[in-house]
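1. my questions are about this predicted structure, shown below with the sequence.
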Amino acid sequence: MSEILKNTALTKVHESLGAKMVPFAGYNMPVQYKGLIEEHHCVRKALGVFDVSHMGEFWVKGPKALDLIQKVTSNDASKLFDGKVQYSCLPNKDGGIVDDLLVYRFGEEEYFLVVNASNIDKDWNWIQQFNQEIGAEMTNVSDDYSLLAIQGPLALKAMQKLTEMNVVDMEYYTVQRGKFAGKDNVIFATTGYTGAGGCEIYFRNEDAEDIWNAVMDAGAEFGIQPIGLGARDTLRLEMGFCLYGNDIDDTTSPLEAGLGWITKFTKDFTNSEALKLQKSNGVTKKLVAFEMIDKGIPRHGYEIAQADGSVIGVVSSGTQSPSLSKAIGMGYVPISMSAVGTEIYLLIRGKQLKAQVVSLPFYKQS
């Protein structure tokens, strides 16, 4: 039986633009329009717009809101102030990760959580089991909101034309709420998954086509293009941003994944004692970045070996980098093989191809 896919409020727009549509996280989503390479460069050099309305959104409100967020997330949300955004994760009880997410603070008793599309129900149920005791007000508004990511070095300059909010001077990972493209209560955040700068905007589904058209018109003089999920993946991988289900999952600890910086032991959170012990003992495996030396493109699931051919790990993400014109990837290896400069080998179609561990990000802004 084929899966019944959800559409976003903009599906017809994508189809009219000739997008190649594919199933992704239960949605019918545009993977590319003119082509991945052109779209990738458009975001790095100018600006592009992604429909990422498949993402999930939860409001957490009331006097117990912060208590709940502190309990279920690894980062310290008490450090947030109004208008600030934080990257975090939801640790499970077995040392792994339920999901990674963004936490937006709008007020002392008003928070907005943005979670991955494929994990909406899982995350909701996970947080709810803790909330039965804590008693924050939680609302799942995932089906009510559309989300556009306008990414690239010219994005904020273009979007400033559509609002009286001062957005060009907004710092990275901050958020405002106000009138945008004539629509009220638009959430405007300087977040993104590309490392190219820009913003993400949340708004009511019924406003989606009007806002899409306004964004395209405002960006036209700067060379805006619609961008598919294919380029979103190459852009995020060039920055070394983790993708849930590939680089992190229910079995990978935040410490193994290089997410120690969002794992704060200044508070008590889910499985924090076990993670604290793992930190003091040291991890046995680690997510590393690597570049191919021999010719070949690493893909998710390919085996990683040492020189004698013995398998030591697996590729979590890999691609041919459009910005660097070289093959790059990430994968888990034993800690003894994780130092920058270490030579590793990828087993690709029966061949053993040489690669080298490098530091992140792969792509450094000029």
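-> Nice, thanks for sending it over. Numbers count the residues shown, from 1 in each chain.

2. low-confidence ranges in the stretch 1-150 of the chain?
-> Scanning the stretch 1-150 of the chain with the threshold set as pLDDT under 70 gives 1-2.

3. hang on, I meant the stretch 151-300 of the chain
-> Scanning the stretch 151-300 of the chain residue by residue, none of them satisfies pLDDT under 70.

4. need the phi and psi values for the residue with the largest distance to the centre of the chain.
-> Largest separation from the mean C-alpha position in the chain: D308, at 35.8 Å (CA atoms, centre = their mean). Main-chain torsions, D308, degrees, to the nearest 10: phi -80, psi 0.

5. now it: how far from T342?
-> 15 Å (CB to CB, to the nearest Å). (Glycine included, C-beta is placed from N, CA and C.)

6. buried set for stretch 90-109?
-> Across stretch 90-109, burial judged by 16 or more other CB atoms under 10 Å covers 90-92, 95-106.

7. so which of those residues is the closest to G240?
-> G240 lies nearest to D100 out of these, by CB to CB, at 13.6 Å.

8. the closest one and L259: what is the separation?
-> For D100, the distance to L259 - CB to CB - is 8 Å.

9. identify the contacts common to these two.
-> Residues touching both D100 and L259 (CB atoms under 8 Å, 6 or more residues apart in numbering): 89, 242, 248.

10. mind listing which of the buried residues of stretch 90-109 are in helices?
-> Using DSSP state H to define helices, no part of those is located there.

11. out of those residues, what pair is the most spread apart?
-> Going by CB to CB, the pair spanning the buried residues of stretch 90-109 furthest: G95 and F106, at 32.3 Å.

12. hey, where'd the helices end up in the stretch 101-250 of the chain?
-> Taking DSSP state H, counting those that start in this stretch, the helices of the stretch 101-250 of the chain run over residues 120-134, 155-159, 208-219, 229-239.

13. okay, the ones you listed in JSON lines with distance to P361 next?
-> Listed next are the helices of the stretch 101-250 of the chain as JSON lines, based on distance: least, CB to CB, whole Å:
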{"stretch": "helix 120-134", "distance to P361": "27"}
{"stretch": "helix 155-159", "distance to P361": "19"}
{"stretch": "helix 208-219", "distance to P361": "25"}
{"stretch": "helix 229-239", "distance to P361": "5"}
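
14. nearest to G198, of those helices?
-> helix 155-159 (3.4 Å).

15. which residues are in contact with that closest one?
-> 47, 150, 167-168, 170, 180, 188, 190, 196-199, 201, 215, 218-219, 221-222, 224.

16. how's this structure carved up into domains?
-> Using automatic domain parsing, the domain ranges for the chain come out as 11-55+143-238, 56-140, 284-366.

17. so for T266, which of the ones you listed sits nearest?
-> domain 56-140 (5.8 Å).

18. I'd assumed A117 was in contact with G245.
-> No. Counting by CB atoms under 8 Å, G245 sits too far from A117 to count as a contact (10.4 Å).

19. compare these two (neighbour count), which wins?
-> For G245 and A117, the more surrounded residue by other CB atoms under 10 Å is A117, and the numbers stand at 18 against 15.

20. just want the phi and psi numbers for the residue most central in space within the chain.
-> In the chain, the residue lying closest to the centroid (CA atoms, centre = their mean) is Y193, at 5.0 Å. As for Y193, its main-chain torsions (degrees, to the nearest 10) stand at phi -130, psi 30.

21. what does A257 give?
-> phi -80, psi 0.

22. tally up the residues packed near the closest residue to N205 other than its chain neighbours, please.
-> Distance criterion CB to CB, 6 or more residues apart in numbering; nearest residue to N205, sequence neighbours excluded, is A9 at 4.3 Å. Residues lying near A9 (other CB under 10 Å) number 19.

23. check contacts around A9.
-> 53, 146, 205-206, 208-209 are the contacts of A9 under CB under 8 Å, 6+ apart.

24. 7 Å instead?
-> Counting by CB atoms under 7 Å, 6 or more residues apart in numbering, A9 touches 53, 146, 205, 208.

25. look up how far E15 lies from it.
-> A9 is 13 Å from E15, by CB to CB.

26. strands along the stretch 101-250 of the chain, start to end?
-> 110-115, 137-140, 145-151, 175-180, 183-189, 198-204, 225-226 (DSSP state E, counting those that start in this stretch).

27. now tabulate those strands in CSV and tack on mean neighbour count and distance to S280.
-> Formatted as CSV, the strands of the stretch 101-250 of the chain follow (neighbours: other CB atoms under 10 Å; distance: least, CB to CB, whole Å):
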stretch, mean neighbour count, distance to S280
strand 110-115, 22, 30
strand 137-140, 16, 34
strand 145-151, 23, 38
strand 175-180, 18, 35
strand 183-189, 19, 36
strand 198-204, 23, 37
strand 225-226, 22, 48
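
28. which among those strands is found nearest to W59?
-> The nearest among those, by CB to CB, is strand 137-140 at 4.5 Å.

29. and which of the buried residues of stretch 90-109 is nearest to N271?
-> P91 (4.8 Å).

30. residues in contact with that closest one?
-> 74, 97, 254, 269-271, 275.

31. so in terms of bridging, what pairs with it?
-> Counting by DSSP bridges, P91 is bridged to I97.

32. mind checking how far it is from P334?
-> P91 is 23 Å from P334, by CB to CB.

33. tell me, how many residues neighbour V358?
-> 16.

34. touching, G301 and V314? I think so.
-> Yes. Assessed by CB atoms under 7 Å, G301 is found in contact with V314 at 6.5 Å.

35. contacting residues around stretch 248-256?
-> 74, 89, 91-92, 95-97, 100, 242, 257, 260, 262-263, 275, 278-279, 283, 285-287, 332.
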